[in-house]
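>>> Mind looking at a prediction? Sequence and model below.
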Amino acid sequence: MVKRILAVDDSASMRQMVLFTLQGAGYAVLQACDGVEALEVARNSSVDLVLTDVHMPGMDGIALVRELRTLPNYRFVPMLILTTESSQEKKMDGKNAGATGWIVKPFNPPQLLATVARVI
Amino acid sequence: MTTLDLEMAEIAKVFFQESREGLDAMESGLLSLGTTADTENINTIFRAAHSIKGGSATFGFAAVADFTHGVETLLDQMRNGVRPVTPEAIQTLLQACDCLREMVAATEAEQPFDKERIAALNADIAHILGEQPNQAPTPGAHGAAADPGAANELCGWRIVFEPVVDLLRVRNEPTRMFAELSCLGHFNARADVSRLPPLDELDPESCYLSWTIDIAGEVSRAKLDEVFDWVDSRCRVEITPTGSSPIAAGTAPGAPAAPAIAAASNDPKSAPADAPRGSALVSAPAQKAAGESGSIRVATEKVDDIINLVGELLITQSMLSGFADGIDTNDLDRLRQGLSQLARNTRELQESVMQIRMLPISFAFNRFPRIVHDLSRKLGKKVELKLLGEGTELDKTVLEKISDPLVHLVRNALDHGLETPDRRRAAGKHETGTLELAAFHEGGNIIIEVRDDGGGLNKPKILQKARERALVAPDQDLSDEQIDNLIFMPGFSTAEQVSDVSGRGVGMDVVRRNIHDLGGHVQISSKEGLGSTIRIRLPLTLAILDGQLVRVGKEIYVISLLAIVETIQVARERVNTLAGRTEVFRLRDEYLPVVKLCDQFGVEPDSRSATDGLLVVVEADGKRAGVLVDDLLAQQQVVIKSLESNFKPVSGIAGATILGDGTVALIIDVPDFIRAAVKRSGGAFTAHAA
């Protein structure tokens, strides 16, 4: 069965890059441009992995992970946050909110795929 | 180039566009920041910088990413309240925005950067951050940290992994980690089941096991750290080399005494992620972005509207085509209905198509916060800029052409209109002046007003100057409004000294001419001590004109409704002849010249004298004239066809249009006609009648 990934980022170019890379590798990708929209998408469909940026208007990535973990069918879904190398504390914030792990920006398509393969 | 590269280049284009939008957002955010740290605003600015940094790093534009890093750090500190938001810092950040904009453009065009400027700004930012300029963060510095990992080739490792019970809560699965480890080398794991509770107390969602793992083979420490990178820092992860290689002791400088390192606590792991920065640049877009003014971004709903209307049109067409085989009288009603439907469809379609060219005036207004900010600093004035009616839409061409005249007017208002804080206080006004830019629709026109609450125009000085330059006759009596509008005359500048802000030779006359070229009109009114208002009236579009059809003999002409003041019949006693040739008539307290289209175009009219026909009073450039016509016909919107591109330019004619019956009607160029008429009558008509 095709794995479904929810990609959340407020930057269209990053979304496109993630989308292109993941679709190329045979994943199905759902997109959202901020936490609020992602939550809406997540409520209406089930996914195998959530990839989210940290800094977004509305609801940020950390809050999104925290919210998602309260949903019964997202308790055990892997969630990865996209973060920059400089933000060690963001990684910990993400961890405490319930994120499975992180992908350090910048990353290229092979790195993204390798990281995704670690969790699904 | 591989498909991947091509695709990435396409996505990079999106990134460039996005960066420009991000920079605009940063700029307007910075301008409205003031001196108080408005958290949401700073967050927005920070996010924009953050996205540009992340994107540029991802797409391999290392220079842009590095430069943005400093900006981002500064914003992050402001956001967290560590760094005060000072006007100097804002100024530096604004300059950084400009610099980034150029860097993005240079990257897109594959041009070199202005390295000196970047270095200077980097130094400024570093200065604010309290760093030595040379210590501007360079990601390459991490490179050294990667060395120990790289040198760590050993014969094997022993890993003791004792997870916290709620490890699985965030879906960190030991089985997946083991799968990764087994890819690295020969893998052997022994589970410790001592923590396992009795079955009736066992929580299926908890992890009670711990493991001792042996990895044999040449495996770097960094690889192992990576596997355990994500596990909770509360987990016990002990990694010890099992090989007897002498290098082993020396290559773990971080923890030579204590071989166990909590996996999540050290940073060198980020080093591998830095690698792609130095590696090949993402191949830049093959073709340059097309000239921007050549394309329009259209909202999808506008296109949908048009498609909808075309659908309607097709239905009407098929309905009418049923009559092709001839009709009898019973069908007349249906035919009439079809035709009226066709008329409605066409009108709606026309409106929708015109809508495509309509853009909100915010496209022109958006540059003003920055201009006003920079200029008021330079002039030492305090100004509050208010933008009103930014959503007002107008034609793209008009929008593009009105932008420069507006900049000129705003600069003028700041330079000459608004006073310095000292003078304002002395005059009993608030020391911060107000500059308003307002746009709104009025009738079929768009009105743009530039209002300031400054000192107003110095009427005596203007009048004196105009007399010096013989722009008005010495004995001529002018109304206040007429005096004010003298500043639009060619060769007029009252600035005591020419500053580098305004008055560089481009005068208000150029502004007025530009506006006239757009078929618009500009006017100024001012009250001494209270300020000035410049009012620009523009047609919504250049392609369609609200016209009044007039008849002269057998010919039909079109006069723009915008230019028409009124239409009158004059009594004989109000008409005089000057020098035996030019006719003038008296309208209230003004003498106006009569323009005879019949003489101009050589047609045979019904009425040769001003008293027989109708006089259409038209106005342009503040001057009026009466156009003699035989009859007023319908008012209608006409599509302007250029005479210049279809024939050749003809003085007095602005263009042509095709009427419903297929005949061509010429559109009168009112300003041109008035100029000619005033010239013929000796320029005496700007004055009021005594």
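Structure's in. What do you need? All figures in this text were calculated on a predicted structure; none of them were measured in a lab. Numbering: from 1, shown residues only, chains lettered A, B, ... in the order given.
>>> which residues touch the closest residue to B:A89 other than its chain neighbours?
Once flanking residues are discounted, B:A89 sits nearest to B:I128: 5.5 Å by CB to CB, 6 or more residues apart in numbering or on different chains. Every C-beta, even on glycine, is put in place using the N, C-alpha and C of the backbone. Going by CB atoms under 8 Å, 6 or more residues apart in numbering or on different chains, B:I128 touches B:74, B:83, B:88-89, B:92.
>>> give me that answer again for 10 Å
By CB atoms under 10 Å, 6 or more residues apart in numbering or on different chains, the contact list for B:I128 reads B:70, B:73-74, B:77-78, B:83-84, B:86, B:88-89, B:92-93.
>>> List only buried entries from those.
Neighbour-count burial (16 or more other CB atoms under 10 Å in any protein chain shown) is assigned, among these, to B:70, B:73-74, B:77-78, B:83, B:89, B:92-93.
>>> just checking, which of the residues you listed belong to helices?
Within the buried ones among the contacts of B:I128, residues falling in helices by DSSP state H are B:70, B:73-74, B:77-78, B:89, B:92-93.
>>> Pick out whichever of the residues you listed sits closest to B:S403.
B:L93 (25.2 Å; CB to CB).
>>> how close does the closest one sit to A:E67?
33 Å (CB to CB, to the nearest Å).
>>> need the helices for the stretch 501-650 of chain B, in chain order.
Remark: helices assigned in the stretch 501-650 of chain B by DSSP state H, counting those that start in this stretch are B:508-517, B:597-601, B:643-646.
>>> To B:I668, which of those lies closest?
With CB to CB as the yardstick, what comes closest out of the helices of the stretch 501-650 of chain B is helix B:597-601 (7.6 Å).
>>> Show me what the closest one is in contact with.
By CB under 10 Å, 6+ apart, helix B:597-601 touches B:550-553, B:555, B:557, B:559, B:603-608, B:613, B:616, B:627-630, B:650-653, B:666, B:668, B:673, B:676-677.
>>> Which of those residues are buried? Put it as a ChimeraX command.
This is the ChimeraX syntax for the buried subset of the contacts of helix B:597-601, where burial follows 16+ other CB under 10 Å:
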select /B:550,551,552,553,555,557,559,605,607,613,616,627,628,629,630,652,653,666,668,673,676,677
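>>> hey, which helix is longest across chain A?
helix A:12-24.
>>> How far off centre is the helix or strand immediately after it in the chain?
Sequence order places strand A:28-32 as the next helix or strand after helix A:12-24, per DSSP states H and E. Remark: strand A:28-32 is offset 10 Å from the chain centroid, using CA atoms, centre = their mean, to the nearest Å.
>>> With stretch B:350-364 instead?
14 Å.
>>> Looking at it now, give me its mean pLDDT.
Stretch B:350-364 shows a mean pLDDT of 84.
>>> Please apply the same query to stretch A:65-82.
90.
>>> Flag every buried residue along that stretch.
Those would be A:65-69, A:74, A:77-82, for stretch A:65-82 by 16+ other CB under 10 Å.
>>> For the most centrally placed residue in chain A, give its distance to B:A563.
In chain A, the C-alpha nearest the mean C-alpha coordinate belongs to A:L51, at 1.1 Å (CA atoms, centre = their mean). Taking CB to CB as the measure, A:L51 falls 61 Å from B:A563.
>>> Pull up the gap between B:D453 and B:G660, please.
With CB to CB as the criterion, B:D453 and B:G660 are 50 Å apart.
>>> Compare these two and say which one has the larger neighbour count.
B:D453 (21 against 7; other CB atoms under 10 Å in any protein chain shown).
>>> Spit out the contact partners of that one.
B:384, B:417-419, B:424, B:429-430, B:432-436, B:529-532.
>>> Mind doing that once more with 8 Å?
B:418, B:429, B:433-434, B:530-531.
>>> Show me which of these are buried.
B:418, B:429, B:433-434, B:531.
>>> quick one: which of those is nearest to A:E37?
Nearest member of those to A:E37, counting by CB to CB, is B:T434, at 39.3 Å.
>>> And residue 3, what's its pLDDT?
Answering for chain A, as no chain was given. Per the predicted model, pLDDT is 90 at A:K3.
>>> My question was about chain B, not that one.
Note for B:T3: predicted pLDDT of 61.
>>> do B:S279 as well
pLDDT at B:S279 comes out at 34.
>>> hang on, the earlier thing: run the chain-centre distance for the longest helix of chain A.
So, by CA atoms, centre = their mean, the centroid of helix A:12-24 is 12 Å from its chain's centroid.
>>> In terms of secondary structure, what does it contact?
With contacts taken as 3 or more CB pairs under 8 Å, 6 or more residues apart in numbering or on different chains; DSSP states H and E, helix A:12-24 sits against strand A:4-8, strand A:28-32, helix A:109-119, helix B:3-31, helix B:39-58.
>>> Alpha carbons only: can I get it in PDB?
The C-alpha trace of helix A:12-24 is given here as PDB (Å, rounded to 0.1, in the frame of the first residue of the first chain):
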ATOM      1  CA  ALA A  12       5.700  27.100  -1.500                       C
ATOM      2  CA  SER A  13       9.200  26.300  -2.800                       C
ATOM      3  CA  MET A  14      10.000  24.000   0.100                       C
ATOM      4  CA  ARG A  15       6.600  22.300  -0.200                       C
ATOM      5  CA  GLN A  16       7.200  21.700  -3.900                       C
ATOM      6  CA  MET A  17      10.700  20.400  -3.300                       C
ATOM      7  CA  VAL A  18       9.400  18.000  -0.600                       C
ATOM      8  CA  LEU A  19       6.400  17.000  -2.700                       C
ATOM      9  CA  PHE A  20       8.500  16.400  -5.800                       C
ATOM     10  CA  THR A  21      11.100  14.300  -3.900                       C
ATOM     11  CA  LEU A  22       8.600  12.200  -2.100                       C
ATOM     12  CA  GLN A  23       6.300  11.600  -5.000                       C
ATOM     13  CA  GLY A  24       9.300  10.700  -7.100                       C
END
